[in-house]
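Engineer: Below are the sequence and a predicted model; questions follow.
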Amino acid sequence: MEMTAVAQSASTAQHDAGAQLERLARLCAVVAFTSIAAHLWMAWQHLDTPWQSLLMLAMAAFCLPCALKSWRHGGAGPARMLMLAALAMAAFHTWLLTGAGSYGGGHAGHGVAAAGSTALGTGSVGTAVGPESLPAVLPHTEMMLGVILLELLAAVSAAFYLNRLRQRP
């Protein structure tokens, strides 16, 4: 039995769409694995603050099953969980960075407001950061912004995958 040209073309198009969906699912997984690695690294960096270290480990452990499922099989369920978890983590990291999560003016006392007020020369009134510790704050702020960006990238890649999944023939 020979396939007609139309049937063969439709079969090839379905195969290409399936391969593209698999690549998108794996892209979501790679971004999630990168986020997991970042959280493990941050857990190591926060060994002096056990609750933060444990929180980072919990975040990494929460993402791992869905990242593995996205890598192996794809599917709407793991992608939806990755998207929601990434958005929640981006919001949480933003909350920590802005100082709402601590009494000292930012995540572990190092927030954007704290760094900004010291950099503008207003001193350390109302902040836990003095002029002598400003260089230590800036890399921390940049790392937090990087994590927020990474989480938003994970959420967008999962949303894009879910959109393509809904549009498949």
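Structural biologist: Received the coordinates, thanks. Numbers count the residues shown, from 1 in each chain.
Engineer: quick one, phi psi at Leu68?
Structural biologist: Note on Leu68: its backbone torsions stand at phi -60, psi -40 [degrees, to the nearest 10].
Engineer: Can you give me the distance of it to Trp51?
Structural biologist: In this view, Leu68 and Trp51 are 27 Å apart by C-beta to C-beta, to the nearest Å. Any C-beta I mention is one placed from the backbone N, CA and C, and that applies to glycine too.
Engineer: now do Leu21
Structural biologist: Where Trp51 is concerned, Leu21 sits at a distance of 40 Å (C-beta to C-beta).
Engineer: who's more crowded, the two?
Structural biologist: Neighbour totals were compared for Leu21 and Trp51, and Leu21 leads with 17 against 8 (other C-beta atoms under 10 Å).
Engineer: Need the pLDDT of the more buried one.
Structural biologist: The per-residue pLDDT reported for Leu21 equals 90.
Engineer: so it makes contact with Gly74?
Structural biologist: Yes: assessed by C-beta atoms under 8 Å, Leu21 is found in contact with Gly74 at 6.3 Å.
Engineer: what do the two both touch?
Structural biologist: Counting by C-beta atoms under 8 Å, 6 or more residues apart in numbering, the shared contacts of Leu21 and Gly74 are Tyr161, Leu165.
Engineer: I'd like to know which elements the strand or helix carrying Cys63 is packed against.
Structural biologist: Assigned by DSSP states H and E, Cys63 belongs to helix 50-72. When contacts are defined as 3 or more C-beta pairs under 8 Å, 6 or more residues apart in numbering; DSSP states H and E, helix 50-72 packs onto helix 5-45, helix 76-98.
Engineer: Report the contact partners of Leu145.
Structural biologist: So Leu145 contacts Leu97 (C-beta under 8 Å, 6+ apart).
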